[in-house]
Every structure is written in structure tokens, then in C-alpha cells.
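In: output the structure for:
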Amino acid sequence: MSKLGRRPILLGDKLSVKRESGGAFIFTLDNEKWSYDLPEIFDFSVEKNSLSIFPREGISLRNSRIFDIKTKWGLHRALINNLVCGIKKSFEKQIIIDGLGFKAQKQGKELVFSLGFSEKKTIEIPGNIAVEIDKTGQSIIVKSSCKMSLGQFCASIKDFRKVEPYKNKGIRCFGDIVRKKAGKTK
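Out: Residues are numbered from 1 along each chain as shown. Down below sits the predicted model:
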């Protein structure tokens, strides 16, 4: 069984952590705040720029729920580690738009897509996400400190026009593998 939950999370020098009421705690860096709600079966401690998560006292790891507790322990440790890594250096994904006349434009707090449909598709940009578009409008760089919201935002953009397998037209993330099918033969 994995022992990922036992590993400490390195915070760095400038990042500070403080406990809030309940199971939540707040990360602070340069007057910006991020919060994370830890389930009440877990507790944490901060020692020398590292954060450790462990089950609360009185919760035995030798009962019938051992698998459930250990999996949640590793899950929450990984989620907190992703949050800390995102605070230190933002996560980034590149979205590529392929197709004749397909492009994106940024209008205020919205992205507007021209994808060959009769109407333009729009999506609102959440507050914790930054978007950069190149001159052609066919390459979008999306940045965020939250890995989960970044992935969800990119997935909702890709749903506007999925890549079709014959000409590979559509929206995809950089690194996605799209298998091209052979067309009709005579």
C-alpha cells in the first residue's frame, strides 16, 4: 500500500500557513491567500518549512477502514502539494486551434471562439485563471495556481469543437495524441 501521505510537503521560505476555524487552513504569499479544507479526520503540523498531514489522535489505522483512511490521506496530501506547487509557480497549458478560419479572441473577461458554426462560442474566464492569445488567435496559453480548475477550464474549451479524426481540425491541448484515420480509397 502507498505511503504517500506520510511524506512532508516542502513550503519554501516566503509561504506561510495558518489554521482557520474547523479543518480549513490558509496559505499566504505576498498578500495573496489560498485556502484548503482538510477533512476532520486529519490534522497537520508545520515544522521548518515543511507541512505534514496525519490522522487525528484516536483514529486507528488498524481497523476495517484502514484502506479508506490511507487513500484519503494520500489524496489530500497530493491535492495540497499541487496547491503549494501552483502557488510557487503557476501551472500552464497550451491550447491549439486547428482549422481554416478557426480562432479565438479575448473580449474583456470572456473568450470568443470562431469555429465554423453559425454562432460564435463564448466562455467566461474565471478569476483565478490568466489567458494569453497569440496574434493569429490559434494558440492560447492558460495559467492558474489551481491545477484542477485549470484542467476543467481547458476541458470546457476543448468541448466546443472536438478534434475530428480525418483532417485533425478542432481544439486540442499541446501534447494530446490524436490518431488520424485514413480517408476513403477508390
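In: low pLDDT regions in the protein?
Out: Low-confidence segments of the chain, defined by pLDDT under 70: 1-2, 22-23, 58-67.
In: which is the next helix or strand following the longest strand along it?
Out: If you go by DSSP state E, the chain has its longest strand at strand 91-98. Next along the chain after strand 91-98, taking DSSP states H and E as the criterion, comes strand 103-107.
In: packing partners of that following strand?
Out: Secondary-structure packing of strand 103-107 (3 or more CB pairs under 8 Å, 6 or more residues apart in numbering; DSSP states H and E): strand 110-114, strand 129-133. For glycine as for every other residue, the C-beta is placed from the backbone atoms N, C-alpha and C.
In: contacts for the first one next, please.
Out: It refers to strand 110-114. 97, 101-106, 120-125, 131, 133, 140, 157, 160-161 (CB atoms under 8 Å, 6 or more residues apart in numbering).
In: I'd like the C-alpha coordinates of it written as PDB, please.
Out: The C-alpha trace of strand 110-114 is given here as PDB (Å, rounded to 0.1, in the frame of the first residue of the first chain):
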ATOM      1  CA  GLU A 110     -14.600  36.400 -22.000                       C
ATOM      2  CA  LEU A 111     -13.100  34.300 -24.700                       C
ATOM      3  CA  VAL A 112     -14.900  34.300 -28.000                       C
ATOM      4  CA  PHE A 113     -14.300  31.500 -30.500                       C
ATOM      5  CA  SER A 114     -15.000  31.400 -34.200                       C
END
